[in-house]
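> Build me a model from this:
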Amino acid sequence: MTDRSAQHQELADALLKAYETKEAIPPLRDQMDNMTVDDSYAIQQIQEKALLARGEKVIGRKIGLTSLAMQKVLGVDSPDFGFMTDDARFIGNDDAHFNSKDFLQPRIEPELAFYLKKDLAGPGVTLEDAIDAIDTVHLAIEIVDSRIADWNIHLVDTVADNASYGAIAWSKEPIAMDNLKEDLLNITCKLTVNDEVVGEGTGADVMGHPAAPLQWLANTLGEQGVALEKGQVVLPGSFCAMIAVDAGTSVSADYGKYGTFTIHFD
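Now for the predicted structure:
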């Protein structure tokens, strides 16, 4: 094992430990000299393999940094991605209750969830290809969480930390859309926390179109020889900025004519 590989393993182990202890760690960029995004994905992949070895199963992918605002905050010009597993503590449906003690410093984002009806392999995937691969669309709320102290993150930190993934809840029933391309572009969302409006946006706020992140991910993974698989769920990104939550909080995302989706923190 090279010195760099040993560092990857050490930092991956520290992140995995943070899940268990609920004690955040210092920024990874301060622990590895000249840390690159390639280093970060290597650290993320070590964690994925460790969770699979424990018996968990990857059920899909999440895409982050799809808004221009968040890209500017971190000084980047493209999204990032992480993975989701079937750990029951971190999956929910309508009116799901999550234990706030399972998280370190949770925040929430209103999203959509796409189930794929066929494999989607890049490079060369078009927006139309991405839309055509979507089987069903569900209302969703993502819980983002950081194992990095005080959310003091740069791109390399969040990528290594599984794109700051925490948990996901999505509606059991899909929403009906007559024209995916147009309906996804124009869907609206208003986010409330304990009945107070804290954010809102439209499909166009998600990289110009909610299927554009799916296209990007398929092509990015395709460069690595990896395909998105039929039956996987993909979170394309948030309609608005993330909002901090804590115990006793109820969060609702109102998607207009498509309905309202709610989760709770106990």
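> CA atoms for contacts and neighbours, from now on please.
Will do.
> what's the first-to-last distance across stretch 63-74?
15 Å (C-alpha to C-alpha, to the nearest Å).
> what's that stretch in contact with?
Stretch 63-74 has contacts (C-alpha atoms under 8 Å, 6 or more residues apart in numbering) with 77-82, 153-155, 163, 205-207, 213-214, 217, 234-238, 240-241.
> And the buried ones among those, selectable in ChimeraX?
Remark: buried members of the contacts of stretch 63-74, expressed as a ChimeraX selection using 16 or more other C-alpha atoms under 10 Å:
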select :79,80,81,82,153,155,163,205,206,207,213,214,217,234,235,236,237,238,240,241
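> What does residue 246 show for phi and psi?
Residue 246 adopts backbone torsions of phi -150, psi -170, taken as degrees, to the nearest 10.
> While we're on it, how confident is the model there?
If you check residue 246, the pLDDT there is 93.
> re the thing from before, so which of the contacts of stretch 63-74 sit within helices?
Using DSSP state H, 155, 213, 214, 217 are the members of those that sit in helices.
> Residue 246: which of those is nearest?
Of all the ones in helices among the contacts of stretch 63-74, residue 246 sits closest to residue 155, with 24.9 Å by C-alpha to C-alpha.
> Just give me the neighbour total for residue 197.
13 (other C-alpha atoms under 10 Å).
> Touching, it and residue 190? I think so.
Yes: in this structure residue 197 lies within contact range of residue 190 using C-alpha atoms under 8 Å: 7.0 Å.
> what distance separates the start and the end of stretch 195-208?
End to end - C-alpha to C-alpha - stretch 195-208 spans 28 Å.
> The stretch 1-150 of the chain: strands as residue ranges?
Remark: strands assigned in the stretch 1-150 of the chain by DSSP state E, counting those that start in this stretch are 58-64, 80-85, 91-92, 96-98, 107-116, 134-144.
> Could I get the full set of helices for the protein?
3-21, 37-53, 68-74, 127-133, 155-160, 180-186, 212-222.
> how about the ones you listed in CSV, adding distance to residue 120 and mean pLDDT?
Output for the helices of the chain, formatted as CSV (distance: least, C-alpha to C-alpha, whole Å; pLDDT from 0 to 100):
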stretch, distance to residue 120, mean pLDDT
helix 3-21, 28, 96
helix 37-53, 20, 97
helix 68-74, 25, 72
helix 127-133, 7, 98
helix 155-160, 22, 95
helix 180-186, 17, 97
helix 212-222, 6, 95
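> okay, those helices, which one's buried deepest?
Highest mean neighbour count of the helices of the chain: helix 155-160, a mean of 25 (counted as mean count of other C-alpha atoms under 10 Å).
> Give me the residues contacting that one.
So helix 155-160 is contacted by 12, 27-29, 35-37, 39-44, 74-76, 80-82, 146, 148, 164 (C-alpha under 8 Å, 6+ apart).
> pull the CA atoms of that helix into PDB?
Presented in PDB, the C-alpha positions along helix 155-160 are these (Å, rounded to 0.1, in the frame of the first residue of the first chain):
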ATOM      1  CA  LEU A 155     -15.400  20.100  -2.300                       C
ATOM      2  CA  VAL A 156     -12.800  17.500  -1.300                       C
ATOM      3  CA  ASP A 157     -14.300  17.200   2.100                       C
ATOM      4  CA  THR A 158     -17.900  16.600   1.000                       C
ATOM      5  CA  VAL A 159     -17.000  14.200  -1.800                       C
ATOM      6  CA  ALA A 160     -14.900  12.100   0.600                       C
END
